[in-house]
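**Q** Provided below for reference: sequence and predicted model.
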Amino acid sequence: MATATLLLPSRGRLAGALAADAVARALARADRLDGEAGEQAQLRRHFTLPPAQWPVAALTRQLDAGDAAGATWLRADPAYVAPDMNGARMMGHGDTLGMDDEDVAALLPDLAPMFADAGFVLDAPDPARWYLRLSPEAQLPGFTAPDDALGDDLFAHLPAGDAGRRWRALLTESQVLLHQHPWNRQRIARGKPAINSLWFWGGGRLPDAVGTDYGQVRSRDPLLRALAAAAGVAVDADGQVDALVDLRHLRSLAQFSDEVVQPLLAAMRRGELDRLVLDFQDGEGLVLTPSQRWRFWRRPWAGLQG
């Protein structure tokens, strides 16, 4: 039985209105799913990890370098922080900063000794993803994912309490060093944002096992690709197998309707697809099957009306 599951953004991020009546009717006839909102909850619906673990750094480290086993990992991603009247706000991080190998070569050698003095190894197998290697027994405070802190008051998202004191100090030291670094003047002269901070997040150890029911995953997202690799699932492969497709970048209802759902409904009518699942990041979901065409009495679903 061929199925496709689409990872979608929250419904509120899809602008516009549904233009295709056939799509509106199909969504009205679909079965409803209810789940928890948020990126982690959405991905956990499709991958099984130990309940208390969400070790983003270890998973993506294994994808980037293949050496995550036997250590605790923490992401230390480059960030751009802008001051305001009440403090500072993170305005960009990681791959949004347009970083390349030149940036790593200019900045990493000056930052690495500071972390070495604290007993950590800092490196960057990918310009957008920097890592701290810690001992396997390292205990970490809670950290905020960068997307959750983006545009918000930076200090509201720093690790709290005594457990976070060391990391707040390391953040301040790295900000002082980066603020004074001459490489940032070159970036600004080229119209790029300064790299004036790091952001710690995603700490943990590589899980012993990751499970999923899918035969392949299609995504450009490093974390989703890392989860697929840990589960032994093909990424971006060809073939008629059950697929999890990442479309969280969509921002238009017209694109969602005309370029995504309509072709899949056509495949369902041809007998090439038996089941289509729409998983929205706000926790709402829909399951579409061929037999639902007889539910002609259903009214259009208000959940995707512009």
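**A** Structure's in. What do you need?
**Q** Let me see the ranges of the strands in the chain.
**A** Chain-ordered strands for the chain, with DSSP state E as the definition, fall at 3-8, 31-34, 72-84, 87-93, 121-126, 129-134, 197-205, 216-218, 234-235, 243-246, 275-280, 284-288.
**Q** Give me the helices and strands touching the longest one, please.
**A** Here strand 72-84 is seen to pack against helix 56-65, strand 87-93, helix 101-117, strand 129-134, strand 197-205 when contacts are counted using 3 or more C-beta pairs under 8 Å, 6 or more residues apart in numbering; DSSP states H and E. For the C-beta atoms, the positions are set from N, CA and C on the backbone; glycine is no exception.
**Q** can I get those in TSV with mean pLDDT?
**A** Output for these, formatted as TSV (pLDDT from 0 to 100):
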stretch	mean pLDDT
helix 56-65	98
strand 87-93	92
helix 101-117	97
strand 129-134	98
strand 197-205	97
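**Q** Which among the ones you listed is found nearest to residue 151?
**A** In terms of C-beta to C-beta, the element of the helices and strands packed on strand 72-84 nearest to residue 151 is strand 87-93, at 5.9 Å.
**Q** That closest one to strand 72-84, inter-axis angle?
**A** Taking axes from the mean of the first three to the mean of the last three C-alpha atoms, to 10 degrees, one finds strand 87-93 and strand 72-84 inclined to each other by 120 degrees.
**Q** where's strand 87-93 relative to the chain centroid, distance-wise?
**A** Between the mean C-alpha location of strand 87-93 and the chain-wide mean there is a distance of 18 Å, by C-alpha atoms, centre = their mean, to the nearest Å.
**Q** quick one: that strand to strand 197-205, angle?
**A** Relative orientation of strand 87-93 with respect to strand 197-205: 70 degrees, computed using the same axes, to 10 degrees.
**Q** Check which helices and strands strand 87-93 sits against.
**A** Helices and strands touching strand 87-93, as assessed by 3+ C-beta pairs under 8 Å, 6+ apart, comprise strand 72-84, helix 146-149, strand 197-205.
**Q** nearest to residue 156, of these?
**A** Relative to residue 156, the nearest member of the helices and strands packed on strand 87-93 by C-beta to C-beta is helix 146-149, separated by 8.0 Å.
**Q** Can you say which of the strands of the chain is nearest to residue 255?
**A** Among the strands of the chain, the nearest to residue 255 by C-beta to C-beta is strand 3-8 (11.3 Å).
**Q** for the closest one, packing partners?
**A** Packing partners of strand 3-8 (3+ C-beta pairs under 8 Å, 6+ apart): strand 243-246, strand 275-280.
**Q** Dump the helices and strands packed on strand 72-84 to TSV, plus mean neighbour count and distance to residue 275.
**A** Supplementary listing: these in TSV, determined by neighbours: other C-beta atoms under 10 Å; distance: least, C-beta to C-beta, whole Å:
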stretch	mean neighbour count	distance to residue 275
helix 56-65	23	28
strand 87-93	18	37
helix 101-117	15	44
strand 129-134	23	35
strand 197-205	23	33
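**Q** mind checking which of these is nearest residue 184?
**A** Judged by C-beta to C-beta, the one of the helices and strands packed on strand 72-84 that comes nearest to residue 184 is helix 101-117, at 8.7 Å.
**Q** Just the angle for that closest one relative to strand 72-84, thanks.
**A** Going by the same axes, to 10 degrees, helix 101-117 makes 110 degrees with strand 72-84.
**Q** what residues does helix 101-117 touch?
**A** Residues outside helix 101-117 that contact it (C-beta atoms under 8 Å, 6 or more residues apart in numbering): 76, 78, 121-124, 127, 130, 132, 170, 173-174, 177-178, 181, 183, 187, 195, 198.
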